[in-house]
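Visitor: For reference, the sequence and a predicted model appear below.
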Amino acid sequence: MLPVRGNEKAAGPMVTVRLSERDLRVVAKCAVSKWLATGQLARLYFPNVTPDAVRKSLRRLVEAGYLVVHREHQMAEALHGLGSRGKVLLEAKGVPAEVTRKPPRQIEHLIGINDLRVAVEVHPAQVAYFFASWELQGLGWVHPVIPDAVVGLKLPDRKTFLVEYDRGTETLPTLVGKLRAYEGGLSGIHFRALLLVTDSPSRLEILALHVRKEGFLRKILGCVRDELTAMGIDAPLFLDLRLVRPEKSTLRESAE
């Protein structure tokens, strides 16, 4: 992908392209997700495709104005958002959409949440829905505590999980306080467990100690982001953080 530092600038003059079904899915997913990295889109829509072919396909959509691209520097992975022609395309289908202007200040957090989205959605037969925090208000979310994501999985009965993604930037009292807000449940939201995803095993271990210290009763399942990204939502990754010596299990087993 050509290095571009302002997503307003497309790589070359706008061209006309014939959109495939996959192109339409890519454009729609970028609209919902705000920003998706090349690797995230590759995992979702380009299985068994070479990295060069993925970049060419996405560059084609950028050049046609359906997507915009942003790179912080030449060595950074390209991020893709919705372009002006993508907005027109989706609104013609009755889907409200906003052109992506520039990445937010907390872009690393957004990318991490979308890593969780990809880990769930690469298994379409198992996922019922995935809503990131920025989608919840439009769905009528009224609770003062807002999770980073809400996930519905078929296990085989549909179960809902709330997700918190911790990059280690929040203080422990702040994060534990947020976990405590879930302890009594949320009116109208029946969730099976809280999923706590961290960037490192050491951070997960520290949080597990605090979960046990607080004596949480509601199930809190933990895993490390890199493992979830590499192995997917159905892998034996999840630890019940309330237990002193938990063993890794699948989400199906943990939810029972």
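Guide: Right, received. Where do you want to start?
Visitor: max-length strand in the chain?
Guide: Identified as the longest strand of the chain according to DSSP state E is strand 158-166.
Visitor: Would you list the strands that that strand pairs with, along with their directions?
Guide: Each strand pairing with strand 158-166, determined using DSSP bridges, is listed with its direction: strand 149-154 (antiparallel), strand 193-198 (parallel).
Visitor: what's the closest of the ones you listed to Arg25?
Guide: The minimum distance between Arg25 and the strands paired with strand 158-166 falls on strand 149-154, with 19.5 Å, by CB to CB. Yep, even glycine has a C-beta here, placed from its N, CA and C like the rest.
Visitor: Report the buried residues of stretch 142-154.
Guide: For stretch 142-154, a neighbour-count test (16 or more other CB atoms under 10 Å) marks Pro147, Asp148, Ala149, Val150, Val151, Gly152, Leu153 as buried.
Visitor: for the record, mean pLDDT for the longest strand of the chain?
Guide: Per-residue pLDDT values over strand 158-166 give a mean of 94.
Visitor: cool, and stretch 67-83?
Guide: Averaged over stretch 67-83, pLDDT sits at 92.
Visitor: Nearest residue to the residue nearest the centre of the chain in space, ignoring adjacent ones along the chain?
Guide: The centre of the chain sits closest to Asn114, judged by CA atoms, centre = their mean, with a distance of 2.2 Å. Of all residues not flanking Asn114 in the chain, Ser33 sits nearest, at 5.1 Å (CB to CB, 6 or more residues apart in numbering).
Visitor: Now do the contacts for that neighbour.
Guide: Residues in contact with Ser33 (CB atoms under 8 Å, 6 or more residues apart in numbering) are Asn114, Arg117, Ala132.
Visitor: Could you say which helix or strand holds the second one?
Guide: What it means is Arg117. Assigned by DSSP states H and E, Arg117 belongs to helix 107-121.
Visitor: Quick check: neighbours of the helix or strand following that helix in the sheet, parallel or antiparallel?
Guide: Under the assignment DSSP H and E, the closest C-terminal helix or strand after helix 107-121 is strand 127-132. Based on DSSP bridges, the strands next to strand 127-132 in the sheet, each with its direction, are strand 149-154 (antiparallel).
Visitor: what angle do the strand it pairs with and helix 107-121 make?
Guide: Angular relation of strand 149-154 and helix 107-121 on a 0 to 180 degree scale: 10 degrees, by axes from the mean of the first three to the mean of the last three CA atoms, to 10 degrees.
Visitor: So which residues make contact with strand 149-154?
Guide: Strand 149-154 is contacted from outside by 113, 116-117, 120, 125-133, 136, 158-163, 165, 191, 195, 233, 251, using CB under 8 Å, 6+ apart.
Visitor: redo that, cut-off 6 Å
Guide: In this structure, residues lying in contact with strand 149-154 by CB atoms under 6 Å, 6 or more residues apart in numbering are 113, 116, 120, 126, 128-132, 158-163.
Visitor: Show me the helices in the stretch 151-256 of the chain, by range?
Guide: Ranges of helices in the stretch 151-256 of the chain, per DSSP state H, counting those that start in this stretch, are 172-183, 201-214, 225-231, 251-255.
Visitor: do you know which of those lies nearest Gln40?
Guide: Minimum separation from Gln40 across these (CB to CB) falls at helix 225-231, 9.1 Å.
Visitor: Would you mind listing the buried residues in that closest one?
Guide: Along helix 225-231, these residues count as buried under the neighbour rule (16+ other CB under 10 Å): Arg225, Glu227, Leu228, Thr229.
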